[in-house]
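*Asks:* fold the stuff below for me.
(2 chains)
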Number of protein chains: 2
Amino acid sequence: MNRPKSENITWSEAIVSREDRERRQGHRGAVLWFTGLSSSGKSTLARLVEKQLFERGCRTYILDGDNVRHGLNRDLGFSPADREENIRRIGEVAKLFVDAGVIVLTAFISPYRADRDRNRALLPAGEFVEIWCRCAVEECERRDPKGLYKKARAGLIPEFTGISAPYEEPLAAEVVLDTDQLSPHACVQRILDELEERLILGAPAGK
Amino acid sequence: MNRPKSENITWSEAIVSREDRERRQGHRGAVLWFTGLSSSGKSTLARLVEKQLFERGCRTYILDGDNVRHGLNRDLGFSPADREENIRRIGEVAKLFVDAGVIVLTAFISPYRADRDRNRALLPAGEFVEIWCRCAVEECERRDPKGLYKKARAGLIPEFTGISAPYEEPLAAEVVLDTDQLSPHACVQRILDELEERLILGAPAGK
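*Replies:* Numbering: from 1, shown residues only, chains lettered A, B, ... in the order given. Okay, here's the model as predicted:
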């Protein structure tokens, strides 16, 4: 008698593990944590990298202001405590995506070292890849596609990172990109190389 | 000259859409929102369904107390306001997973109708599948694998759903499962049928 498959599965066998997912998809889950000043290139690079990863067949997702600030974190403002909670929640959500086997790219200024390091500590070593988009504030201000620096200079945005609030530079980011000097293509390639070196791409399927 | 692919991608072309993901994987993203009393079978069924979906090649993830209460929602207690915020955040995270093309299964008592309906409203019609694990409280209490009902009866857990706090029954759940009468297999099959009817499984690859 052909009993339906599901009838033979006990509860404990029914757990789909992270390893099961990674084995099938041929890459590991990880966080690519982009950090840097406003207009330093975080979102642009995250999208370009995601596109490349998607074309290689990877499972990816971007967390950024657009999908987080208006949803999960809509209850948070810009006080120091709320900024910290904002980054904490993003780190926890990123961890869930990694557990689901996804390469999750986060694009937030995340100016405080302690906040970034706390999120790094949520994951096993090697799965949190900090990518510092290093760009002179003058260049960011020149780009200013949303006019935020202009508003900040006019005093309309208080506590604006790089102008009236500090940006704490990463001390040991896995990838440092001088986005005011390198082409986007060169930056993307640098990130992909890093993911290959760290065995986030490739490998597990053949293990 | 063979220019590397990424150099030809402009920023606007670099967006990987939900449709791109769904086309590749051959199924749609959706939330399977399990609700019901403690010990009514939510987690067990979520795992059995996930296993079946995984074996069909679907991208899935389970959100439950284990990975949410100790992480994202570790700052929340069990006051009415905190319970509401707990379910709100889970709904927002589920929405992100759906946007990533995942079939996300959530297993929380979620006793309040307003909280469940708010999460339903976050998504387009048809993408929030409410699954009510309907089980007599007497049967839940008889199962009680974690001894929670015993503690609740002894007054050690205040505001315990079904004992000292209300469970607001769904008025229009997509799937109602009498888990005290149906076999787990029958419940799983009922859910899979529903997903096929709703075209969450199959279809998009050939569109």
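
*Asks:* from here on, contacts and neighbour counts on C-alpha atoms
*Replies:* Noted.

*Asks:* just for chain A, where's the confidence low?
*Replies:* By pLDDT under 70, the weakly predicted segments of chain A are A:1-14, A:203-207.

*Asks:* for it, what lies in contact range of chain B?
*Replies:* Proximity of chain A to chain B is assessed by Cα under 8 Å from any Cα of the partner chain, with A:6-7, A:9, A:11, A:14-16, A:44, A:47-48, A:50-52, A:54, A:60-61, A:67, A:71-72, A:88-89, A:92-93, A:96, A:100, A:184-185, A:188 identified as the residues in range.

*Asks:* what about stretch A:104-114, distance to the chain center?
*Replies:* On the basis of Cα atoms, centre = their mean, to the nearest Å, stretch A:104-114 is displaced by 7 Å from the centre of the chain it belongs to.

*Asks:* quick check: end-to-end length of that stretch?
*Replies:* Taking Cα to Cα, to the nearest Å, the first and last residues of stretch A:104-114 lie 20 Å apart.

*Asks:* what does it contact?
*Replies:* Residues outside stretch A:104-114 that contact it (Cα atoms under 8 Å, 6 or more residues apart in numbering or on different chains) are A:29-38, A:42-43, A:46, A:50, A:60-65, A:87, A:94, A:97-98, A:116, A:161, A:166-170.

*Asks:* please point out which parts of that stretch sit buried.
*Replies:* Residues A:104-112 are the ones in stretch A:104-114 that count as buried (16 or more other Cα atoms under 10 Å in any protein chain shown).

*Asks:* next, work out how far apart residue A:107 and residue B:99 are.
*Replies:* Residue A:107 sits at a distance of 17 Å from residue B:99 (criterion: Cα to Cα).

*Asks:* before we move on, what about residue A:199?
*Replies:* With distances taken as Cα to Cα, residue A:199 is found 27 Å from residue B:99.

*Asks:* settle it for me: which of those two has more neighbours?
*Replies:* Set side by side, residue A:199 and residue B:99 give different neighbour counts by other Cα atoms under 10 Å in any protein chain shown, the larger being at residue B:99 (21 against 14).

*Asks:* does the more buried one really touch residue B:18, like I thought?
*Replies:* Yes - Residue B:99 sits in contact with residue B:18 when judged by Cα atoms under 8 Å, with a separation of 5.8 Å.

*Asks:* could I have the strand or helix carrying residue A:185 exported to CSV, CA atoms only?
*Replies:* Secondary structure assigned from DSSP states H and E places residue A:185 in helix A:184-197. Included here for helix A:184-197 are C-alpha records, laid out as CSV according to Å, rounded to 0.1, in the frame of the first residue of the first chain:
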residue,chain,number,x,y,z
PRO,A,184,30.7,50.5,-8.5
HIS,A,185,31.8,47.6,-10.5
ALA,A,186,35.1,47.3,-8.7
CYS,A,187,33.3,47.5,-5.3
VAL,A,188,30.9,44.8,-6.3
GLN,A,189,33.7,42.6,-7.5
ARG,A,190,35.6,43.1,-4.2
ILE,A,191,32.5,42.0,-2.2
LEU,A,192,32.0,38.9,-4.4
ASP,A,193,35.6,37.9,-4.0
GLU,A,194,35.3,38.2,-0.2
LEU,A,195,32.2,36.0,-0.2
GLU,A,196,34.1,33.4,-2.3
GLU,A,197,37.1,33.5,0.1
